[in-house]
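Chemist: Make a model of this:
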Amino acid sequence: MSELTRVYFGHHKCASRYIMTVFGHSTRLLGLTRGRPDQAADVCLVWNANAEVLRAVQTAGPYRGFHVIRDPRDIVVSGYFSHLYSHPISQDGDKFSRWRNRLAETNTIEEGLLLELDFEGENFNNIASWNYADPNVYETRFEQLIVDPSATFMEIFEFLGIQISRTHWLLTSGVAAEMAVRLLGKRPLRRRTFLPYALFASILWRNSFERKTRGRHQGVEDIKHHYRKGVAGDWRNYFTLRVKGAFKERYGGLLCQLGYEDNLDW
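Modeler: Numbers count the residues shown, from 1 in each chain. You can find the predicted model right below:
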């Protein structure tokens, strides 16, 4: 392994595409190499994390990572609309094609959400079995990330030993210029552990909800867009009493385990 592998541990429908793009682009500008959990690389992106992957990373060598979860109720709603309309079919072939067809055969959103509870079973098992006490993994949540992505990513990078530099403007301007020249010329970047704030802010802006949706603000819904709504707590708009009861029966304990609820009286 490299001296230190920096790992993103994510889960399905926990802003994994957004996080991988921001983190991947930032670390590419740092000249860090990317690989699998068992490879000698500086960076590893895991969008469907589980205990087995974490053990592989732990066995391979020194690492620091960050792990992002989301309210499972919002995962169900996000998963339903994504699988019905926007999730790339080619990504997983027949699996998602068959699932989209099955969801399309339902008569109501309620029926679709009840089906989605089954689909998310493995995802929720991975979240439930995760080791939340690993001192080498920074734990955060979708809900925190969408409120203040700049502050959240800066905390993540600091934990990973990467500095987002606001000082030494002449130096960072020179570094930014050197990075741009090397990228445009497809020349390898020199490995470093600090990123000029201007570049960091630019990466966040280029991947922001508003820019990805061509001006639509968070909270304004487009059910057929991958960036559908971009808010937390949307499950309240879609969970009927029937869906709520089925969720509590199957995954109510998970909400309490993760701290999203204190009991089942919600």
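
Chemist: If we ignore the residues flanking it in sequence, what's nearest Asp71?
Modeler: For Asp71, ignoring the flanking residues on the chain, the nearest one in space by C-beta to C-beta, 6 or more residues apart in numbering is Tyr260 at 5.1 Å. Quick note: C-beta positions are derived from backbone N, CA and C, even for glycine.

Chemist: got a list of what Glu3 touches?
Modeler: Residues near Glu3 by C-beta atoms under 8 Å, 6 or more residues apart in numbering: Pro62.

Chemist: where does this structure have its least confident helix or strand?
Modeler: Ranked by mean pLDDT, DSSP states H and E, the weakest helix or strand in the chain is helix 169-184, scoring a mean of 53.

Chemist: Flag every buried residue along stretch 236-243.
Modeler: For stretch 236-243, burial by neighbour count (16 or more other C-beta atoms under 10 Å) applies to 238-239, 243.

Chemist: Let me know the closest of those residues to Leu114.
Modeler: Nearest to Leu114 among the buried residues of stretch 236-243 is Val243, at 6.1 Å by C-beta to C-beta.

Chemist: what sits against the residue lying closest to the closest one once chain neighbours are set aside?
Modeler: Among residues not flanking Val243 along the chain, Leu113 sits closest, at 4.8 Å (C-beta to C-beta, 6+ apart). Applying C-beta under 8 Å, 6+ apart to Leu113 gives the contacts 76-77, 80, 238-239, 243.

Chemist: So what's the residue count around the residue nearest to Asp71?
Modeler: Tyr260 is flanked by 17 other residues according to other C-beta atoms under 10 Å.

Chemist: Hmm, it is touching Pro72, no?
Modeler: Yes - contact criterion C-beta atoms under 8 Å: Tyr260 and Pro72 qualify, at 7.4 Å.

Chemist: hey, where'd the strands end up in the stretch 51-200 of the chain?
Modeler: 63-69, 137-141, 163-165, 194-196 (DSSP state E, counting those that start in this stretch).

Chemist: Ok, which of the ones you listed comes nearest Ser202?
Modeler: Counting by C-beta to C-beta, Ser202 lies closest to strand 194-196 out of the strands of the stretch 51-200 of the chain; the figure is 9.4 Å.

Chemist: Return the list of strands paired to the closest one, each annotated with direction.
Modeler: Its sheet considered, strand 194-196 pairs with strand 163-165 (parallel) by DSSP bridges.

Chemist: in the partner strand, what's buried?
Modeler: By 16+ other C-beta under 10 Å, the buried positions in strand 163-165 come out as 163-165.

Chemist: Can you tell me which one of those residues carries the smallest pLDDT value?
Modeler: Least confident of the buried residues of strand 163-165 in the model: Ser165, at 77.

Chemist: residues contacting it?
Modeler: 172, 194-197.

Chemist: list the helices and strands the longest helix seen in the chain packs on?
Modeler: If you go by DSSP state H, the chain has its longest helix at helix 241-258. Judged by 3 or more C-beta pairs under 8 Å, 6 or more residues apart in numbering; DSSP states H and E, the packing partners of helix 241-258 are helix 72-81, helix 109-119, helix 121-128.

Chemist: average pLDDT across that helix?
Modeler: Mean per-residue pLDDT for helix 241-258: 97.

Chemist: Show me which positions of it end up buried.
Modeler: Residues of helix 241-258 classed as buried: 243-244, 246-247, 251-252, 254-255, 258 (neighbour count, 16+ other C-beta under 10 Å).

Chemist: Repeat that for stretch 63-75.
Modeler: Across stretch 63-75, burial judged by 16+ other C-beta under 10 Å covers 63-75.

Chemist: For it, list the C-alpha coordinates in CSV.
Modeler: Taking Å, rounded to 0.1, in the frame of the first residue of the first chain, the C-alpha atoms of stretch 63-75 are listed here in CSV:
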residue,chain,number,x,y,z
TYR,A,63,-5.6,4.4,6.1
ARG,A,64,-7.8,7.3,7.0
GLY,A,65,-11.3,7.6,5.7
PHE,A,66,-14.7,9.2,5.9
HIS,A,67,-18.1,7.6,6.0
VAL,A,68,-21.4,9.2,5.0
ILE,A,69,-24.9,7.9,5.9
ARG,A,70,-28.4,9.3,5.5
ASP,A,71,-31.8,9.0,7.1
PRO,A,72,-33.0,5.5,5.8
ARG,A,73,-36.5,6.9,5.3
ASP,A,74,-35.2,9.4,2.8
ILE,A,75,-33.1,6.7,1.2
